[in-house]
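A.B. asks: give me coordinates for this.
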Amino acid sequence: MSRDEELIALDRRCLWRPYTSSEDHESRPLFVVDRAEGPWLISADGRRLLDASGSWWCNNLGHGHPRLRRALVDQSERLMHCTLAAATHEPAARLAAELIDVAPEGLSRVFYSDNGSTAVEVALKIAFQYWQQNQQPSRRRFVALPGAYHGDTLGVMSAGAVDAFTAVFRPLLFEVARPSEPVDHDWEPVFGELFSILRERPDEIAAVLVEPVVQGAAGMRAYPAELLAELRRVTEQTGALLIADEVFTGFGRTGPMWGCDHANITPDLVCTAKGLSGGMLPFAATLATERLFDGFRGDKSRALMHGHTFCGNPLGAAVAREVLAIYRDENVIEAARPKAAKVKKAILAMKDIPGVKHPRAVGMCAAFEVGAAGYMGQVGWQISDFAFELGAHLRPLGNTVYIVPPLNVDDADLDRLLEIVRASTERVLLRAS
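C.D. replies: Numbers count the residues shown, from 1 in each chain. Got it, this is the predicted structure:
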């Protein structure tokens, strides 16, 4: 038995992999990754696959950026972990200031956690507790968009609306108000209904939670920035807080540094993870305004009673600081613009393939449909299988095929990825027609 065969056997016998049925766990092909460089996943025998999903949307700078490796090693030689309660350390303190410098203007406080789900969970708790102890306890309800996905803990699952992820847990979740699904990708009626919800009972809404401009797990669905800007105006009019889940859309994925920048707005709370640590470590943050921070002043009963063991972990904070430094020094956002234009041109050209529907691209995020909507669709997985043979690791959202390459991907590697996506899609759809 080879080393890879041994590892696959151990995986199938001992692991419980995420978002994977027991049958798929035991039968679907596995690629054993030995190392990774830039956009490439590499096996022990040297086979290379382009990581089209960014290892779940977090490798905005590719795998193993040399500066991030050094930052991790250097920090490990000084301090790998200590509590952030009644103590502090340089990586956490300096990162907080540096995050505020690049955040939408008006955000001034940083609460650390370890993943996107928790970052959003913290934002929900802040919003709820703020109203409970600041003379408006009737504000207990949350509002979210149709198709929303904000993570897998129970609080954020309540705000989510992707039934494949949440349906079985509905009895455990709290109610969230939500407008209807868009028809033919028309989001204006959706937001019109959302505005009506906010205006009908303004004293009951604690906060609105949205993924700015692009909804990830719903199928990389994009909506106009003008609607996000109008939502900010309506929340200000009605008094509801606005929470922006930038876990996926932040750090240049949709073009500018933050998805909110498309609308030139500052939410009350911003949640970030994934690209924050360059895909190297579990690390997240929730950014808040000074108004919210001031709402927790007083005796100990008014404190935000949330935290976890690795809050502000020095390794994660040091790597995140280096991520921000790389964005500055390598001009990552600007340098990605011509690459994003190339992605958009190639993906929009996919409409020439019979069976491809609604190709779209926002920044370094692109997607198209190859069948009925829904996470359980199988055509996307057929395309994924062919892409695997051609040298790319695609992980579709059912019948939504998408790519999120590194913002700093080499042009030759990007061209190869786009060629593989087209070729594998043609092989499946043209064969079926």
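
A.B. asks: compute the distance between residue 198 and residue 25, please.
C.D. replies: When distance is defined by Cβ to Cβ, to the nearest Å, residue 198 is 43 Å away from residue 25. Placement of C-beta: from N, CA and C, glycine included.

A.B. asks: compare these two (neighbour count), which wins?
C.D. replies: Relative neighbour count places residue 198 above the other of residue 198 and residue 25, with 20 against 14, counting by other Cβ atoms under 10 Å.

A.B. asks: what strand or helix carries that one?
C.D. replies: Here residue 198, judged by DSSP states H and E, is contained in helix 188-200.

A.B. asks: for the helix or strand of the chain with the lowest mean pLDDT, which positions count as buried?
C.D. replies: Among the secondary structure pieces of the chain, namely its helices and strands, helix 163-166 has the lowest mean (mean pLDDT, DSSP states H and E), a mean of 85. Neighbour-count burial for helix 163-166, with 16 or more other Cβ atoms under 10 Å as criterion, is recorded at 165, 166.

A.B. asks: check what contacts it and list those residues.
C.D. replies: 149, 152, 157, 160, 173, 217, 374, 375, 376 (Cβ atoms under 8 Å, 6 or more residues apart in numbering).

A.B. asks: name the single longest helix found in the chain.
C.D. replies: With DSSP state H applied, the helix covering the greatest number of residues in the chain is identified as helix 411-432.

A.B. asks: packing partners for that one?
C.D. replies: Helix 411-432 makes packing contacts with strand 48-51, helix 332-348, helix 379-390, strand 392-393, strand 400-403 when contacts are defined by 3 or more Cβ pairs under 8 Å, 6 or more residues apart in numbering; DSSP states H and E.

A.B. asks: and the last one, what's its mean pLDDT?
C.D. replies: Averaging pLDDT along strand 400-403 yields 98.

A.B. asks: same for that strand, what does it pack against?
C.D. replies: Contact partners of strand 400-403 among helices and strands, from 3+ Cβ pairs under 8 Å, 6+ apart: strand 366-369, helix 379-390, helix 411-432.

A.B. asks: how far off centre is that strand?
C.D. replies: What separates the centre of strand 400-403 from the centre of its chain is 14 Å, taken as Cα atoms, centre = their mean, to the nearest Å.

A.B. asks: ok, now the shortest one?
C.D. replies: Computed by Cα atoms, centre = their mean, the chain-centroid distance of strand 392-393 equals 20 Å.

A.B. asks: then stretch 123-130?
C.D. replies: Average the C-alpha atoms of stretch 123-130, do the same for its chain, and the two points are 21 Å apart (Cα atoms, centre = their mean).

A.B. asks: and if you look at stretch 283-291?
C.D. replies: Taking Cα atoms, centre = their mean, the mean C-alpha location of stretch 283-291 is offset from the chain mean by 16 Å.

A.B. asks: residues of it that come out buried?
C.D. replies: For stretch 283-291, the neighbour count (16+ other Cβ under 10 Å) marks 283, 284, 285, 286, 287, 288, 289 as buried.

A.B. asks: repeat for stretch 151-163
C.D. replies: Of the residues in stretch 151-163, those buried by neighbour count under the rule 16+ other Cβ under 10 Å are 151, 152, 155, 156, 157, 158, 159, 160, 161, 162.
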